[in-house]
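Colleague: Sharing a sequence plus its predicted fold:
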Amino acid sequence: MKGVVFNVVEEVVTELYDAETWDDLLAAAGVDGAYTALGNYGDDELLEIVNAAATATGLAPDDLWRTVGRLALPKLAARLPELVAEAGDARSFLMAVNDIIHPEVRALYPESVPPVFEFEVSPAGLLVRYRSTRRLDALAQGLMIGCGDLFDEVVRVEPTDRPTAPDEALFSVRFEGSGP
Ligand code: HEM
């Protein structure tokens, strides 16, 4: 996983808590924590950091992944501000992830392997297919919810139990307009 992902997770933890908490998590996870944006690091390091946070807080790892994804999305988006302006709302931004955002990410961060997303319009909103051998479903869910925060909208994301290939998950996404 690209270092930029670790960088935004560090920003999230530092803002929620402080720099010392991040250092404690790195120590508990047994990783050295020197992440440069363009570097590549094992996915296992991110898993260990989230697991360490789960142990420290008593929260379920999936709840933490969702929270981290939600809070990380605006920070990732800040790396590509022109795409946020172009999209204008959460639905357009989310629907740009596969054809515009992640291709841009691949250009900016060589050797990155972002997941694949497919979209189908459904009565509720969108049916989103997420495809990745990493299967970071809860992170993906949080990132989609975070698209709402970016535009002051409420985005609801529910996993569906529809059958999928082993490297896929399907989510039902509703856009509820302006947030509180
Ligand atoms: C401007 C906004 C975004 C930026 C800059 C960005 C950037 C990245 C980067 C650098 C990675 C790591 C890829 C690698 O290391 O190989 C990544 C992974 C990921 N991105 Fe994005 N992303 C953005 C928006 C989104 C959105 C809107 C979603 C959700 C729909 C999303 C879902 C994911 C997921 C789930 C991963 C984890 C890797 C995996 O599942 O295989 N990203 N993204």
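Modeller: All right, it came through fine.

Colleague: And for the nearest residue to Glu153 once chain neighbours are set aside, the neighbour number?
Modeller: Once flanking residues are discounted, Glu153 sits nearest to Ala90: 4.6 Å by CB to CB, 6 or more residues apart in numbering. C-beta coordinates here come from the backbone N, C-alpha and C atoms, glycine included. As a burial measure, Ala90 scores 25 neighbours (other CB atoms under 10 Å).

Colleague: Repeat that for Glu118.
Modeller: 12.

Colleague: before we move on, what about Glu48?
Modeller: There are 17 residues near Glu48, going by other CB under 10 Å.

Colleague: Ala124 too?
Modeller: Neighbourhood size, Ala124 [other CB under 10 Å]: 12.

Colleague: For the longest helix along the chain, what is the distance to the chain centroid?
Modeller: As assigned by DSSP state H, the longest helix anywhere in the chain is helix 61-77. Relative to the centre of its chain, helix 61-77 is centred 5 Å away, using CA atoms, centre = their mean, to the nearest Å.

Colleague: From the contact counts, what lies against the longest strand along the chain?
Modeller: When the chain is parsed with DSSP state E, its longest strand is strand 168-178. For strand 168-178, the elements it packs on are helix 90-95, strand 126-131, helix 137-150, strand 153-159, judged by 3 or more CB pairs under 8 Å, 6 or more residues apart in numbering; DSSP states H and E.

Colleague: Nearest approach to the ligand belongs to which of those?
Modeller: helix 137-150 (3.7 Å; CB to the nearest ligand atom).

Colleague: any idea how far that closest one is from the chain center?
Modeller: Relative to its chain's centre, helix 137-150 lies at 6 Å (CA atoms, centre = their mean).

Colleague: Other residues contacting that helix?
Modeller: The contact list for helix 137-150 (CB atoms under 8 Å, 6 or more residues apart in numbering) reads 61-63, 65-74, 76-77, 84, 90, 93-94, 115, 128, 130, 132, 154-157, 159, 169, 171, 173, 175, 179.

Colleague: Mind listing what's buried along stretch 107-124?
Modeller: Of the residues in stretch 107-124, 109, 112, 114-115, 117, 119 count as buried by neighbour count, 16 or more other CB atoms under 10 Å.

Colleague: same deal with stretch 3-21?
Modeller: 3-10, 12-13.
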